[in-house]
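Enquirer: Sequence and computational prediction follow.
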Amino acid sequence: MRILQLEPTSQPRSDNQKLEQFGEEKQLSLLRQLEVFYAFLLRQSGQKALWRLTARLTNAILRILLCLPVAVRQERCDILIIHFLDPDENAGLAEFCQRVRSRFAEQKVVFHKLMDFRQQLRHLHIINPPLSNQLSNDTFYLAPYPAFIMAKYRPSMLIVFLEWNPAAILFYVYAKRIGATVINVAHALTSNSDRCSVQSFDYYFLFGESSLEHLRKNPIRIGSAKLVQTGTINFSFRDDRENSSGAFLYFSDWAKRGYEELVESNLQVVYSWFLERQPLLYIKPHPLDDGRRVRALFEKFSNVTVLDKGIPLDVALSKVSFSVVHWSTASLASAGLGKPVIAVNTDPKFDDTFLELEEFFGPVASTPAEITDRAVEFSRDSQLWRNRSIKFARYHLKELFGAGQYIEDTLAAIYEGQEGLDYTELPPTDKYPHS
């Protein structure tokens, strides 16, 4: 793709007019799909009846309160970026924001960190949303915030990282009501699970071919975005020199709801292995984890360094020979730099097969001894496993070196309404499993 020089303008020459007219019926159709999808998620979560009743009552009260007028102080922009992390928490995101601001120097670019429900209420980032009568008391709470953000910023281009969030459907609906082009940039490798069912975007930037194949297999697809394989903004590969120190980088995970026991179990296996083997160990906490649990276990050891969450992945990986993960897509950064990956998972029922780590790196470790076995195996023929690591990364990522530039160029092409983008479209599908 050639590099485009943007003309100074406050409005993009986008292809909005060439898209199917986003009329009332299309909006209503997406809201109906949201209701079905959200009901499915509630069934999957096994939410107790009392909690659901409380949530519905809260939604009903919120609906009444929002009948009162709320003033929105507009801060119009050309490009709005929304992410659940702050750029200070993720080096890849910080570089991405810098690239966008530099490339679109004549446009107003705004970054907004996604707020949780309590923050939305505390900062009064909510308004009575359009089409609120089409939303049930299960889903209503998702709508006031996207409606407020679109009313406040009124962007020409909206860039989000929200494919796992049902509220993405509402961001899309309210963005299209003001004529914005909506681009979702995948934060992680796309899996063929209900977590990645939302395709209600104009464009959806995927890591690579494996993500596209996972979406093909997904029985639930809401919307039909133009799927563009771009690589990832999460990390850059600047220095892929080998490191023969034998040190390990452990990507600890965060105990998100429903996974607390598994995350703790995996952590205990890594901790026990460390106590037995006493390797040189670096730990990079997950951006959404406060790191207290990891620090409580490891910080007292002189051969352990707990890294800052904002350190670039390639910098962290330059210190080690191997990485240890649970199911993190940080494994792609490790592999791209030729560092073999040891996957730890103590629950055989947990499906982490979308990463296909076992196919490239051998059996998943569920005990301290199995972590040691994998490390010994990797050390026997370092060149073999280095090559296999890079093959794994290339399997999942469209671009290894230069992904940031490719994504930047693709955004510029979309903003300027250029033709000829290479994309795939998959039709919506609603093959929900029977209850």
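Expert: Perfect, I can see it now. The structure displayed is predicted, hence computed values, not measured ones.
Enquirer: Could I get the contacting residues of residue 36?
Expert: Residues in contact with residue 36 (Cβ atoms under 8 Å, 6 or more residues apart in numbering) are 430, 432. For every residue, glycine as well, the C-beta is placed using N, CA and C.
Enquirer: Just the helices from the stretch 301-435 of the chain, written as ranges.
Expert: For the stretch 301-435 of the chain, the helices defined by DSSP state H, counting those that start in this stretch occupy 313-317, 330-336, 357-361, 368-380, 382-396, 403-415.
Enquirer: of the ones you listed, which approaches residue 111 most closely?
Expert: helix 403-415 (14.3 Å; Cβ to Cβ).
Enquirer: Ok, which of the helices of the stretch 301-435 of the chain comes nearest residue 274?
Expert: helix 368-380 (8.3 Å).
Enquirer: Next, the buried residues of the closest one.
Expert: 368, 370-372, 374-375, 377-378 (16 or more other Cβ atoms under 10 Å).
Enquirer: about what we covered before: which one of the helices of the stretch 301-435 of the chain is the most hemmed in?
Expert: helix 330-336 (a mean of 27; mean count of other Cβ atoms under 10 Å).
Enquirer: Is residue 192 in contact with residue 210, as I believe?
Expert: No: contact between residue 192 and residue 210 fails when scored by Cβ atoms under 8 Å: they sit 9.9 Å apart.
Enquirer: Might you report the residue contacts of the residue minimising distance to the centre of the chain?
Expert: Closest to where the C-alpha atoms of the chain average out (Cα atoms, centre = their mean) is residue 187, at 2.5 Å. Listed by Cβ under 8 Å, 6+ apart, the contact partners of residue 187 are 83-84, 161, 163-164, 234.
Enquirer: want to try CSV for the buried residues of helix 368-380, with pLDDT and distance to residue 359 as columns?
Expert: Output for the buried residues of helix 368-380, formatted as CSV (pLDDT from 0 to 100; distance: Cβ to Cβ, whole Å):
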residue, pLDDT, distance to residue 359
368, 97, 24
370, 97, 17
371, 97, 19
372, 97, 21
374, 96, 14
375, 96, 19
377, 96, 15
378, 96, 16
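Enquirer: from these, which single one is nearest residue 389?
Expert: Residue 389 lies nearest to residue 378 out of these, by Cβ to Cβ, at 9.2 Å.
Enquirer: roughly how far apart are that closest one and residue 384?
Expert: 9 Å (Cβ to Cβ, to the nearest Å).
Enquirer: related to what we said a few turns ago, can you flag which of the contacts of residue 187 belong to strands?
Expert: Members of the contacts of residue 187 lying in strands (criterion: DSSP state E): residue 83.
Enquirer: which residues sit in contact with the residue nearest to residue 203 when sequence neighbours are not counted?
Expert: Distances taken as Cβ to Cβ, 6 or more residues apart in numbering place residue 183 nearest to residue 203, at 4.5 Å, with adjacent residues excluded. Listed by Cβ under 8 Å, 6+ apart, the contact partners of residue 183 are 157-160, 201-205, 411, 414.
Enquirer: Residue 183 sits in which helix or strand?
Expert: If you go by DSSP states H and E, residue 183 is part of strand 181-185.
Enquirer: do residue 282 as well
Expert: Per DSSP H and E: strand 281-284 holds residue 282.
Enquirer: Can you give me the domain boundaries for the protein?
Expert: 16-232+401-430, 248-396 (automatic domain parsing).
Enquirer: TSV for those domains, including distance to residue 241?
Expert: Formatted as TSV, these follow (distance: least, Cβ to Cβ, whole Å):
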stretch	distance to residue 241
domain 16-232+401-430	14
domain 248-396	8
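Enquirer: so who does residue 250 touch?
Expert: By Cβ under 8 Å, 6+ apart, the contact set of residue 250 is 270, 281-284, 323-325.
Enquirer: Those, buried ones only, as a PyMOL selection?
Expert: PyMOL command restricting the contacts of residue 250 to the buried ones, with burial defined by 16+ other Cβ under 10 Å:
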select buried, resi 270+281+282+283+284+323+324+325
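Enquirer: Return the closest of the contacts of residue 250 with respect to residue 316.
Expert: Closest approach to residue 316 among the contacts of residue 250 (Cβ to Cβ): residue 284, at 5.2 Å.
Enquirer: can you pull up the bridge partners for the closest one?
Expert: Bridge pairing for residue 284 (DSSP bridges) gives the partners residue 251.
Enquirer: Return the set of buried residues in the helix or strand hosting residue 27.
Expert: Assigned by DSSP H and E, residue 27 belongs to helix 24-45. Of all the residues in helix 24-45, those buried under the rule 16+ other Cβ under 10 Å are 27, 30-31, 33-34, 37-38, 40.
Enquirer: If I look at the residue nearest to residue 203, what pLDDT would I see?
Expert: In this model, residue 183 is scored at 98, pLDDT.
Enquirer: Beta-bridge partners for it, please?
Expert: So, taking DSSP bridges as the rule, residue 183 has residue 159, residue 203 as bridge partners.
Enquirer: So, low pLDDT: which residues of the stretch 101-250 of the chain?
Expert: Scanning the stretch 101-250 of the chain for pLDDT under 70 picks out 239-240.
Enquirer: ok, which stretches of it are helices?
Expert: Going by DSSP H, counting those that start in this stretch, the stretch 101-250 of the chain shows helices at 117-122, 144-153, 167-177, 209-217.
Enquirer: Of all those, which one is nearest residue 226?
Expert: helix 209-217 (11.8 Å).
Enquirer: so what secondary structure elements neighbour the closest one?
Expert: In terms of contacts (3 or more Cβ pairs under 8 Å, 6 or more residues apart in numbering; DSSP states H and E), helix 209-217 is packed against strand 226-229, helix 382-396.
Enquirer: I'd like those laid out as CSV, including distance to residue 131.
Expert: Shown next, in CSV, are these (distance: least, Cβ to Cβ, whole Å):
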stretch, distance to residue 131
strand 226-229, 25
helix 382-396, 38
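Enquirer: what's the closest of those to residue 214?
Expert: Across the helices and strands packed on helix 209-217, residue 214 has its closest neighbour in helix 382-396 (10.3 Å, Cβ to Cβ).
Enquirer: Could you list which residues are in contact with residue 407?
Expert: 96, 99, 185, 205, 230-231, 233.
Enquirer: Which neighbouring elements make contact with the helix or strand following the strand holding residue 282?
Expert: Note on strand 281-284: by DSSP H and E, the next helix or strand toward the C-terminus is helix 292-298. Under the contact criterion of 3+ Cβ pairs under 8 Å, 6+ apart, helix 292-298 touches helix 260-277, strand 281-284, strand 304-306.
Enquirer: Deepest in the core, which of these is it.
Expert: Taking mean count of other Cβ under 10 Å, strand 281-284 is the most buried of those, at a mean of 22.
Enquirer: what about the stretch 251-400 of the chain, any weak spots by pLDDT?
Expert: Along the stretch 251-400 of the chain, the model assigns pLDDT under 70 to residues 255-258.
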